[in-house]
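Chemist: could you work out the structure for the sequence below:
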Amino acid sequence: MGYVSAVPQPRTEAESAAEAAAEAAEAAARAGRRSVAIALLCGALGATVVLLASGRVWARGTAAVAGGSMQLTADGRAVTGVPAALAIVGLAALVAVFAVRSKGRLLVAGLLALSGLGAALAALAGASDRAALDDQAASTTADTAARVGALTHTPWPYITAAGGILILAAGLLALRYGRSWPAMGGRYEREGGPSPRARKAADAGDTDRPEDLWKALDRGEDPTG
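Modeler: Predicted coordinates for the structure are as follows:
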């Protein structure tokens, strides 16, 4: 008895193209899921770093008082309140990215990226600032011409800038992959209850309410018919 071996049929171009498209779609979905996790981590961590580091001492110095000297310090918020404010804006934008769609999502992602960039630049600009301590020296000595002496700066402005860069990275990820991210509104409509059409149909078909029965009687109709 002879055996007939099955000869595999070559795939058509359409089948090959469909398979390639499916693989590309799956790869894009995996990249989108990874980008969501990374963006959330970068945005939340970056905002936390900015808020904490901007509250640390950025500069130290001394002011001459009555033949002696007084130690002065200035934290980041005394130097500039911009990084902390932009970190809060960035957190709000990070949440809002998942509440909007299409062009709105791109706009919010751009705001997120700009918040991180602005926070980083403001922190770097304040890394060598002396105005905050000069103001303290003037108020401490009651001399408007007084200037701080022995001025030194800490690494905290640069740590604040690093947090801003993390927020910027979250914004760039949202700009690049945000179109494939889920939206809170759409998910709620799918899972959180009946659709508007279903609710409308239910309302239209609900004739057992007492007020509907009275209205039918007023029109001379038999509500039981």
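Chemist: contacts only, for the residue nearest to Ala122 when sequence neighbours are not counted.
Modeler: Among residues not flanking Ala122 along the chain, Val82 sits closest, at 3.8 Å (C-beta to C-beta, 6 or more residues apart in numbering). For glycine as for every other residue, the C-beta is placed from the backbone atoms N, C-alpha and C. Contacts for Val82 (C-beta atoms under 8 Å, 6 or more residues apart in numbering) come out as 118-119, 122.
Chemist: which one of those is nearest Thr160?
Modeler: Closest approach between these and Thr160, by C-beta to C-beta: Ala119, at 7.2 Å.
Chemist: can you show me the CA trace of stretch 62-81 as CSV?
Modeler: Extracted C-alpha coordinates of stretch 62-81, given in CSV (Å, rounded to 0.1, in the frame of the first residue of the first chain):
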residue,chain,number,x,y,z
THR,A,62,25.8,84.0,56.3
ALA,A,63,24.7,87.5,57.1
ALA,A,64,26.8,89.9,59.1
VAL,A,65,24.8,91.0,62.2
ALA,A,66,26.2,93.1,65.1
GLY,A,67,29.8,92.2,64.6
GLY,A,68,29.0,88.5,64.1
SER,A,69,27.3,86.3,61.5
MET,A,70,24.0,84.5,61.2
GLN,A,71,23.5,81.3,59.2
LEU,A,72,20.9,81.6,56.5
THR,A,73,19.3,78.9,54.4
ALA,A,74,16.9,78.9,51.5
ASP,A,75,14.8,75.9,50.3
GLY,A,76,13.8,75.3,46.7
ARG,A,77,10.4,76.9,47.1
ALA,A,78,12.0,80.1,48.5
VAL,A,79,14.3,80.2,45.4
THR,A,80,11.6,79.4,42.9
GLY,A,81,8.1,78.0,43.2
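Chemist: so for it, mean pLDDT?
Modeler: Stretch 62-81 carries an average pLDDT of 85.
Chemist: list of residues touching that stretch?
Modeler: For stretch 62-81, using C-beta under 8 Å, 6+ apart, the contacting residues are 53-61, 83-84, 122-123, 125-126, 129, 131-133, 136-137, 140-141, 146, 148-150, 156-157, 160.
Chemist: just the buried residues of the residues you listed.
Modeler: 53-54, 56, 58-61, 83-84, 122-123, 126, 129, 132-133, 136-137, 141, 146, 148, 156-157, 160 (16 or more other C-beta atoms under 10 Å).
Chemist: list the ones among the residues you listed that fall in helices.
Modeler: 53, 83-84, 122-123, 132-133, 136-137, 141, 156-157, 160 (DSSP state H).
Chemist: the protein: strands as residue ranges?
Modeler: Secondary structure of the chain (DSSP state E): strands at 57-65, 68-75, 149-153.
Chemist: now do the shortest one and strand 57-65, the angle between them.
Modeler: With axes from the mean of the first three to the mean of the last three C-alpha atoms, to 10 degrees defining the directions, strand 149-153 sits at 180 degrees from strand 57-65.
Chemist: now strand 149-153 against strand 68-75, angle please.
Modeler: 20 degrees.
Chemist: which helices and strands does strand 149-153 pack with?
Modeler: strand 57-65 (3 or more C-beta pairs under 8 Å, 6 or more residues apart in numbering; DSSP states H and E).
Chemist: so what are the sheet partners of the strand it packs on and their directions?
Modeler: Counting by DSSP bridges, the strands paired with strand 57-65 are strand 68-75 (antiparallel), strand 149-153 (antiparallel).
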